[in-house]
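Trainee: mind looking at a prediction? Sequence and model below.
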Amino acid sequence: MIFKKYLILLFLLINGCTASLNNSTTIRIVGSDTMFELTAKLAEAYMKENPGVSLHVKGGGTAEGIKALIKNKTDICTASRNLKPEEAKLLADYYGSLGLVFLIAKDGLSIYVNPSNPVKDFNMQQLKDIYTGKITNWKAFGGKDTSITVVTRNPNSGTYLYFKEHVMEDENYSSSAIVAATTKEIVNFVSKNTNAIGYGGMGYKKNTFHAKINGIEPNEENVRNDTYPITRYLHFFTTKSPGGVVKNFIDWVLSPAGQNVVRKSGYIPLWENNL
């Protein structure tokens with residue numbers, strides 16, 4: 001009887017320790033603000049299916065995520081752009097490799113305008129002229145005779161650099177541009193200011209109008225076939241081939257279940273026939 005009670009106690013202790021280990025299993029994710037809400041939704045859905053795993057998601061910008069990855073302060077860096085050469089070198093110097101990149105979704109970089117703004121279609125040159133400060137009045141585009149309020153992200157943002165490279169052709173942003181810390185701040189500002197214009201991920205749809213470029217809407221079909229002029233992939237970076245719960249999470253994100261969350265979040269899943 002004593003031996004049997006001992007076995008029962010040992011069983012409870014072992015299972016208690018196992019539960020504790022499972023509950024302490026964490027995945028750290030740091031990086032892109034564009035991807036913050038998407039990653040948070042992916043994390044939430046994954047944790048519902050895997051209650052023993054805890055995911056901690058932080059924004060701060062792609063650059064901050066890459067710094068955290070280099071310093072081994074995150075398991076996954078979320079990024080809305082590719083690595084810069086100097087970042088790749090730092091990773092290689094520290095870890096002896098460039099790490100791995102996983103494409104998890106596709107995004108159309110949307111141009112946000114206030115719904116009451118009559119100007120809802122631009123070409124690439126017009127966007128460049130607005131953001132470099134060459135054109136400063138909506139009247140130039142058939143709008144009201146009012147100043148254009150330009151809103152941009154901060155330099156830590158991968159979206160900031162992507163827009164600068166692909167839209168502004170590496171020219172400098174206007175000195176009068178308002179700098180917002182996150183995409184959500186840009187969306188909130190544009191939704192409250194008739195004369196404002198901003199940019200960010202197509203998944204942010206609250207109270208703004210996503211303008212056309214060359215008459216083309218930023219929707220799933222146009223982004224998937226690259227008809228929309230500003231399309232990009234969203235990435236996960238890791239320092240090495242992931243294992244354990246990190247690998248399991250990434251595999252799940254790339255599975256139909258994870259890609260369904262991508263679609264519901266307003267982004268484009270990698271697989272066209274995803275359920």
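Mentor: Done, it's in.

Trainee: give the next helix or strand downstream of the host helix or strand of Lys48.
Mentor: Per DSSP states H and E, Lys48 falls inside helix 36-49. Downstream of helix 36-49, the first helix or strand assigned by DSSP H and E is strand 53-60.

Trainee: run a quick neighbour tally on Lys247.
Mentor: For Lys247, the number of neighbouring residues by other Cβ atoms under 10 Å comes to 12. No exception for glycine: its C-beta is placed from N, CA and C like everyone else's.

Trainee: spatially nearest residue to it, not counting backbone neighbours?
Mentor: Ser241 (8.0 Å; Cβ to Cβ, 6 or more residues apart in numbering).

Trainee: report the mean per-residue pLDDT for the helix holding Lys48.
Mentor: When pLDDT is averaged over helix 36-49, the result is 96.

Trainee: now do the SS call for Leu234.
Mentor: strand (DSSP: H, G, I helix; E, B strand; the rest coil).

Trainee: quick check: pLDDT value at it.
Mentor: In this model, Leu234 carries a pLDDT of 95.

Trainee: that one: what's its closest spatial neighbour, skipping adjacent residues?
Mentor: In space, Leu234 is closest to Ala105, 4.6 Å off (Cβ to Cβ, 6+ apart).

Trainee: dump the residue contacts of the one you found.
Mentor: 38, 233-234, 259, 262, 267-270 (Cβ atoms under 8 Å, 6 or more residues apart in numbering).

Trainee: quick revisit: in this structure the residue nearest to Lys247 contacts Leu100, no?
Mentor: Yes: contact status for Ser241 versus Leu100: in contact at 6.1 Å, counting by Cβ atoms under 8 Å.

Trainee: neighbour-wise, which of the two wins?
Mentor: Leu100 (13 against 10).

Trainee: which non-adjacent residue is nearest the more buried one?
Mentor: Here the residue nearest Leu100, using Cβ to Cβ, 6+ apart, is Thr238, at 5.1 Å.

Trainee: and the closest residue to Val167 other than its chain neighbours, what element?
Mentor: Among residues not flanking Val167 along the chain, Leu127 sits closest, at 5.3 Å (Cβ to Cβ, 6+ apart). Taking DSSP H and E as the definition, Leu127 sits inside helix 124-132.

Trainee: which residues of the stretch 51-200 of the chain fall in helices?
Mentor: Ranges of helices in the stretch 51-200 of the chain, per DSSP state H, counting those that start in this stretch, are 62-70, 85-95, 124-132, 158-166, 183-192.

Trainee: next, the buried residues of stretch 154-168.
Mentor: Across stretch 154-168, burial judged by 16 or more other Cβ atoms under 10 Å covers 156-164, 166-168.

Trainee: what does that stretch rub up against?
Mentor: Here stretch 154-168 has contacts from 32-34, 60-64, 79-81, 109, 124, 127-128, 131-132, 152-153, 170-171, 173, 179-181, 183, 199-201, 230, 232, using Cβ under 8 Å, 6+ apart.

Trainee: now the end-to-end length of that stretch.
Mentor: Using Cα to Cα, to the nearest Å, the end-to-end distance of stretch 154-168 comes out at 15 Å.
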